[in-house]
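Enquirer: missing the sequence, but the structure's below:
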């Protein structure tokens, strides 16, 4: 009996010892996590990274200096493509039209980076003739200065089409063409590399964009890209080039076949992206849709003005909390009704394919030209949309 009792005590003590060890391991894990988190916070503060906080009320009193989430940005997709070929002329034409979000599809071929085009968004170019280095040189000359040669060449073609729909008037008064050079230029980089390739195209693109002969007027601080988010004020980035890179694009290129695993992206590639891009599209700061059909699957989330008082101190604040963008998918054969996307789903940025001439493009051009600005406050966009193109929602 004594032996059995002693054995029971021994087993109980062994169980208690195991329990104590487990508790100690748990405490050790909590301490290590706390140290790691504290170190990360210190590192974040050291790097000057911005802590996301909703802007104060006085951030919405000046329509020319709102947080970025409060603007619809005049944007184009595959900017240098005219429906037949890639060219600096097309890029310059779209920029002179007032667009301040340009989209470059970048490929690698024969030891050179090109701005190209692929019909199916695949990593194989259909057409290439324009080197990325040539685009960099062009933007250094004309990101914030009017290209007079383009201006003279396109005023009777591209802009005349706008004018026939009640758009731009460059002969007198204020126009978007006279205003756009005063605003930031968002340059969206989408990169592709040959299938099964180990080529570090992100590094090659980064070297071209931020290297010795790279883009000027970049928004950088301390030798790295200065972060931009939905709360960045417009005046903070005026006459700066804001580099954007798409998170899903990088994920697909670097994480292997589906299902894509972000842990497969090397820390070096992540550092390169963070050093190059001011903002990643597809992140929490700038959420993305990659198909028009995906939008219709979402519940309506109507844009509304938060403070609709008509007084000497109007607050230009809407019920937006983040920036949103929608890309066209290769099966989308027309431009969308962007005015509807803004009002129904609070999607500020809808890059249009200017090589597809349709009603959606006409509406889009008119909205920005009528308001004479490439950064249209959602406050004014909503009033414009409901007056010019009222949306009747179906009963749900």
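Expert: That came through fine. Quantities reported herein were computed from a predicted structural model and do not represent experimental measurements. Numbering: from 1, shown residues only.

Enquirer: and residue 258, how many neighbours?
Expert: For residue 258, the neighbour count with other Cβ atoms under 10 Å is 7. C-betas here are computed from N, CA, C, even on glycine.

Enquirer: how about residue 374?
Expert: Counted by other Cβ under 10 Å, the residues lying close to residue 374 total 27.

Enquirer: list the residues that contact it.
Expert: Taking Cβ atoms under 8 Å, 6 or more residues apart in numbering, we find residue 374 in contact with 73, 74, 98, 99, 100, 176, 179, 180, 183, 368.

Enquirer: mind putting those in TSV, pLDDT and secondary structure included?
Expert: Putting the contacts of residue 374 into TSV (pLDDT from 0 to 100; DSSP: H, G, I helix; E, B strand; the rest coil) gives the following:
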residue	pLDDT	secondary structure
73	98	strand
74	98	coil
98	96	coil
99	97	coil
100	98	coil
176	93	helix
179	92	helix
180	96	helix
183	98	coil
368	96	helix
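
Enquirer: does residue 224 touch residue 275 like I think?
Expert: Yes - A contact is recorded between residue 224 and residue 275 when judged using Cβ atoms under 8 Å, the distance being 4.8 Å.

Enquirer: could you check how many residues crowd around the residue nearest to residue 368 when sequence neighbours are not counted?
Expert: In space, and not counting its chain neighbours, residue 368 is closest to residue 74: 4.6 Å by Cβ to Cβ, 6 or more residues apart in numbering. As a burial measure, the neighbour count of residue 74 was computed by other Cβ under 10 Å and equals 29.

Enquirer: who are the contact partners of residue 74?
Expert: Residues 98, 99, 100, 101, 176, 180, 368, 374, 375, 376 are the ones in contact with residue 74 under the rule Cβ under 8 Å, 6+ apart.

Enquirer: looks to me like residue 186 is in a helix.
Expert: No - if the criterion is DSSP: H, G, I helix; E, B strand; the rest coil, then residue 186 is strand and not within a helix.

Enquirer: distance of the closest residue to it other than its chain neighbours from residue 306?
Expert: Nearest residue to residue 186, sequence neighbours excluded (Cβ to Cβ, 6+ apart): residue 101, at 4.3 Å. Computed as Cβ to Cβ, to the nearest Å, the residue 101 to residue 306 distance reads 25 Å.

Enquirer: okay, those two: which has more neighbours?
Expert: Regarding residue 101 and residue 306, a neighbour count based on other Cβ under 10 Å identifies residue 101 as having more, with 23 against 13.

Enquirer: would you list the phi and psi of the more buried one?
Expert: phi -130, psi 110 (degrees, to the nearest 10).

Enquirer: measure it to residue 196 for me?
Expert: 32 Å.

Enquirer: show me what the residue nearest to residue 186 is bridged to.
Expert: Beta-bridge partners recorded for residue 101 (DSSP bridges): residue 75, residue 186.

Enquirer: same check on the one 5 residues further on?
Expert: Applying DSSP bridges to residue 106 yields these beta-bridge partners: residue 115, residue 191.

Enquirer: and for it, the neighbour number?
Expert: 23.

Enquirer: how far away is it from residue 273?
Expert: For residue 106, the distance to residue 273 under the criterion Cβ to Cβ works out to 14 Å.

Enquirer: who does the helix or strand that contains residue 177 touch, helix- and strand-wise?
Expert: Assigning secondary structure by DSSP states H and E places residue 177 in helix 176-179. When contacts are defined as 3 or more Cβ pairs under 8 Å, 6 or more residues apart in numbering; DSSP states H and E, helix 176-179 packs onto no helix or strand at all.

Enquirer: can you map out the strands along the chain?
Expert: Along the chain, the segments classed as strands by DSSP state E run 71-73, 101-109, 112-117, 127-131, 185-191, 220-221, 224-225, 241-246, 279-281, 286-289, 323-326, 375-377.

Enquirer: mind putting those strands in CSV, distance to residue 25 included?
Expert: Shown next, in CSV, are those (distance: least, Cβ to Cβ, whole Å):
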stretch, distance to residue 25
strand 71-73, 51
strand 101-109, 48
strand 112-117, 51
strand 127-131, 57
strand 185-191, 44
strand 220-221, 42
strand 224-225, 38
strand 241-246, 40
strand 279-281, 37
strand 286-289, 39
strand 323-326, 43
strand 375-377, 54
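
Enquirer: and residue 71, what is it in contact with?
Expert: By Cβ under 8 Å, 6+ apart, the residues touching residue 71 are 234, 348, 375, 376, 377, 378.

Enquirer: ok, what's across the strand from it?
Expert: In this structure, residue 71 has the following beta-bridge partners (DSSP bridges): residue 377.

Enquirer: any idea how far it is from residue 27?
Expert: 49 Å.
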